[in-house]
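> fold the following.
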Amino acid sequence: MNVKRVLASVVVFAAGALLLAGNASAQFGSQVKVSNAIELPSGTPPAGVTSARCGNNIVVGFGDQESNFPNSFAGYSVSHNGGTSFSDLGVLPVTPTLPPPNSFGPDQLGANGNAGLPGGNHLSVACANSNLFYYASLYTDNGNGVPGGGCSFPVCHAISLSTSTNGGTTWGLPKVIATASGDIHYLLFVSMAVDPSNSQRLYVAYVNVDVTSPYDFGFNCGSGNLSEMRLASSMDAGKSWADNVVDYGCTDGNQPAEIDGEIMAPSIAVGPDGKLYVAYEFIPQSAPGGSNEIRFSRSLDYGKTFSAPLHISAALGNTMPKLAVDRTTSAFRGTIYLTWSGKPRGTTTEVLMSDSLNQGVSFSFPRSVRATSQGTQVNPVVAVDNDGQVVDCYYVTGSNTPTSSSGYFYNCLTSFNHGATWTGYQKLVTSAAPGYDSLTSDFLLGSDGFFTAFEVPASGQRHVVGAKADPN
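Okay, here's the model as predicted:
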């Protein structure tokens with residue numbers, strides 16, 4: 001891969017839990033219960049929250065576990081009325097376990113299988129129509145072999161795809177779409193998208209970390225870890241898959257600056273014309289925590305090749321940038337929106353937005369969604385609806401140096417002029433700690449508005465709640 005780079009500014013990510021609060025005002029309605037109590041084994045890294053809407057059907061995915069399916073950690077809840085109410089339907093089914101010596105233990109779905117690895121967005125939901133939903137997730141194959149895939153090594157870390165043909169109510173067994181040998185690899189950070197111009201085209205971005213030699217594609221990473229931002233792509237609705245490297249980094253400290261580090265947290269989106277976009281974070285080894293970067297790349301040939309990474313901003317700490325694309329028929333059709341948290345003033349951490357009006361060739365200078373002279377705003381998510389309205393939701397506290405006990409709000413802002421200005425500041429949660437969240441609009445563009453889902457603790461347990469909005 002021919003990789004060129006360019007530089008640019010600053011970001012912070014935080015994860016945790018939230019507290020229930022009163023109803024949101026104005027455009028977003030009352031909170032709705034999405035999940036029952038979330039049950040995860042002690043020490044299991046959080047898997048994140050993900051959501052997708054097609055018509056009146058919404059599926060929300062989240063890390064969970066049920067006693068009758070102890071090796072599935074991919075929970076889901078479904079609404080068939082546009083987000084007015086949800087049914088927590090448990091966890092995705094997993095390939096049955098075979099007894100030794102045919103296996104090395106039960107396969108695991110939805111967990112990275114290592115408490116020492118980071119939490120994050122390790123699962124992702126997408127839809128093609130009101131019936132057809134997809135759920136991409138981490139998978140550990142312990143030698144059973146699974147439909148459509150299996151191990152070339154006795155234990156594989158993998159990316160799997162589960163499919164529902166009834167609007168998310170029931171799901172088939174997972175199909176492995178990308179694998180890596182479990183002795184020297186682990187996989188992280190899953191992001192899925194369906195091409196709106198051709199729903200046969202499916203994409204799943206993820207990070208493959210190679211922890212020791214022999215390193216992938218013959219790269220010499222010395223004593224460091226090799227991390228690859230990869231894309232699994234299918235042109236036939238998931239029947240077959242190709243896999244390509246988008247960008248990579250090496251943490252041995254002896255590499256050129258553009259690859260001297262690690263890749264994290266891809267977010268992918270597809271434009272109305274089938275162009276594929278990915279934003280992600282690069283963490284340099286030479287200056288850990290001091291000059292992390294948000295990068296962007298695009299593919300004009302359905303994931304076969306990617307442009308040289310464009311550096312959108314420097315970052316501070318770990319951040320998870322999020323992408324959305326305007327697919328309306330207005331003059332702003334194709335506009336790309338990219339959001340993250342940064343420090344434009346050098347002291348306050350604010351939610352930033354940058355947009356591209358030329359299909360990702362260049363981006364605007366980052367600007368604050370809601371500028372503040374004091375405080376910390378983190379974990380933004382963004383979506384565009386069928387009117388071209390843009391919503392950005394995030395968490396905020398009044399302190400420039402928050403602690404684990406700092407109180408946060410969960411807020412959403414709406415832009416009616418394509419991200420130029422923002423209005424309708426709404427506190428959906430008035431006492432919180434930052435956690436994983438998601439935001440979706442109708443993929444089919446038939447319904448107006450948005451739905452946001454986020455974690456909250458209540459009565460000593462964690463739940464997922466949500467709220468829907470029609471900005472008109």
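> where along the protein do the helices fall?
Counting by DSSP state H, the chain has no helices to list.
> quick one, phi/psi of the residue nearest to residue 254 when sequence neighbours are not counted?
Using Cβ to Cβ, 6 or more residues apart in numbering and skipping residues adjacent in sequence, the residue nearest residue 254 is residue 222, 5.9 Å away. To be clear about C-beta, it is placed using only N, CA and C from the backbone, and glycine gets the same treatment. Dihedral pair for residue 222: phi 60, psi -120, per degrees, to the nearest 10.
> just confirm residue 222 contacts residue 260, I think it does.
No - under the contact definition of Cβ atoms under 8 Å, residue 222 does not touch residue 260, with a separation of 11.1 Å.
> overlap in contacts, those two.
Residues touching both residue 222 and residue 260 (Cβ atoms under 8 Å, 6 or more residues apart in numbering) are 250, 254.
> between these two, tell me which one has more neighbours.
Using other Cβ atoms under 10 Å, the more surrounded residue of residue 222 and residue 260 is residue 260, with 19 against 13.
> pLDDT score assigned to that one?
Here the pLDDT value assigned to residue 260 is 89.
> quick check: the residue nearest to it when sequence neighbours are not counted vs residue 264, distance?
Using Cβ to Cβ, 6+ apart and skipping residues adjacent in sequence, the residue nearest residue 260 is residue 285, 5.0 Å away. According to Cβ to Cβ, to the nearest Å, residue 285 and residue 264 sit 13 Å apart.
> same check on residue 456?
Using Cβ to Cβ, we find residue 456 at a distance of 25 Å from residue 264.
> got it, and residue 205?
12 Å.
> what do those two both touch?
Contacts common to residue 205 and residue 264, judged by Cβ under 8 Å, 6+ apart, are 189, 280.
> neighbour count winner among those two?
Neighbours of residue 205 and residue 264, each counted by other Cβ under 10 Å, are more numerous for residue 205; the result is 27 against 24.
> wait, doesn't the more buried one sit right on residue 268?
Yes - in this structure, residue 205 is within contact of residue 268 by Cβ under 8 Å, at 4.6 Å.
> low-confidence regions, this structure specifically.
1-26, 41-45, 97-103, 112-119, 144-152, 286-291, 315-318, 471-472 (pLDDT under 70).
> how about the strands in the stretch 251-400 of the chain?
261-270, 276-284, 292-299, 310-315, 322-325, 336-342, 350-356, 367-368, 376-384, 390-397 (DSSP state E, counting those that start in this stretch).
> and those as CSV, adding distance to residue 76?
Shown next, in CSV, are the strands of the stretch 251-400 of the chain (distance: least, Cβ to Cβ, whole Å):
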stretch, distance to residue 76
strand 261-270, 20
strand 276-284, 25
strand 292-299, 29
strand 310-315, 31
strand 322-325, 21
strand 336-342, 25
strand 350-356, 28
strand 367-368, 35
strand 376-384, 18
strand 390-397, 21
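> and the ones you listed: which comes nearest residue 40?
Set against residue 40 and scored by Cβ to Cβ, these come closest in strand 376-384, at 19.5 Å.
> the closest one packs against which elements?
In terms of contacts (3 or more Cβ pairs under 8 Å, 6 or more residues apart in numbering; DSSP states H and E), strand 376-384 is packed against strand 322-325, strand 336-342, strand 350-356, strand 390-397, strand 437-440.
> adding mean neighbour count and distance to residue 427, write those out as CSV.
Output for the helices and strands packed on strand 376-384, formatted as CSV (neighbours: other Cβ atoms under 10 Å; distance: least, Cβ to Cβ, whole Å):
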stretch, mean neighbour count, distance to residue 427
strand 322-325, 24, 20
strand 336-342, 26, 18
strand 350-356, 24, 14
strand 390-397, 26, 9
strand 437-440, 26, 14
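> reformat the ones you listed as a markdown table; add distance to residue 74.
Compiled in a markdown table, the helices and strands packed on strand 376-384 are given as follows (distance: least, Cβ to Cβ, whole Å):
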| stretch | distance to residue 74 |
| --- | --- |
| strand 322-325 | 21 |
| strand 336-342 | 26 |
| strand 350-356 | 29 |
| strand 390-397 | 23 |
| strand 437-440 | 15 |
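> please enumerate the strands of the stretch 1-150 of the chain.
Using DSSP E, counting those that start in this stretch, the strands of the stretch 1-150 of the chain run over residues 32-33, 49-54, 57-63, 74-79, 87-91, 108-109, 123-127, 133-141.
> between residue 205 and residue 268, what contacts are shared?
Jointly contacting residue 205 and residue 268 under the rule Cβ under 8 Å, 6+ apart are 191-192, 231, 278.
> which two of the residues you listed have the greatest separation?
Going by Cβ to Cβ, the pair spanning the shared contacts of residue 205 and residue 268 furthest: 192 and 278, at 11.7 Å.
> in terms of neighbours, single out the busier of these two.
Shown here are residue 192 and residue 278; by other Cβ under 10 Å, residue 278 has more neighbours (27 against 24).
> so who does that one touch?
Per Cβ under 8 Å, 6+ apart, neighbours of residue 278: 191, 205, 229, 231, 246, 266-268, 296-299, 306, 323.
> circling back to that earlier point, want to throw the strands of the stretch 1-150 of the chain into JSON lines with mean neighbour count and distance to residue 398?
Putting the strands of the stretch 1-150 of the chain into JSON lines (neighbours: other Cβ under 10 Å; distance: least, Cβ to Cβ, whole Å) gives the following:
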{"stretch": "strand 32-33", "mean neighbour count": "16", "distance to residue 398": "28"}
{"stretch": "strand 49-54", "mean neighbour count": "28", "distance to residue 398": "25"}
{"stretch": "strand 57-63", "mean neighbour count": "29", "distance to residue 398": "28"}
{"stretch": "strand 74-79", "mean neighbour count": "27", "distance to residue 398": "32"}
{"stretch": "strand 87-91", "mean neighbour count": "19", "distance to residue 398": "34"}
{"stretch": "strand 108-109", "mean neighbour count": "24", "distance to residue 398": "40"}
{"stretch": "strand 123-127", "mean neighbour count": "28", "distance to residue 398": "32"}
{"stretch": "strand 133-141", "mean neighbour count": "28", "distance to residue 398": "36"}
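> how many other residues sit next to residue 331?
So residue 331, with other Cβ under 10 Å, has 11 neighbours.
> now do the one 4 residues further on
Residue 335 has 23 neighbouring residues, counting by other Cβ under 10 Å.
> now do residue 47
A count of neighbours around residue 47, defined by other Cβ under 10 Å, yields 27.
> so how far is residue 209 from residue 252?
Going from residue 252 to residue 209 by Cβ to Cβ gives 14 Å.
> comparing the two, which shows the higher neighbour count?
Taking neighbours as other Cβ under 10 Å, residue 252 and residue 209 compare with residue 209 leading, 23 against 14.
> beta partners for the more buried one?
Beta bridges link residue 209 to residue 186, residue 227, judged by DSSP bridges.
> that one touches residue 182, doesn't it?
No - counting by Cβ under 8 Å, residue 209 stays clear of residue 182, with 12.0 Å between them.
> appreciated, that's everything.
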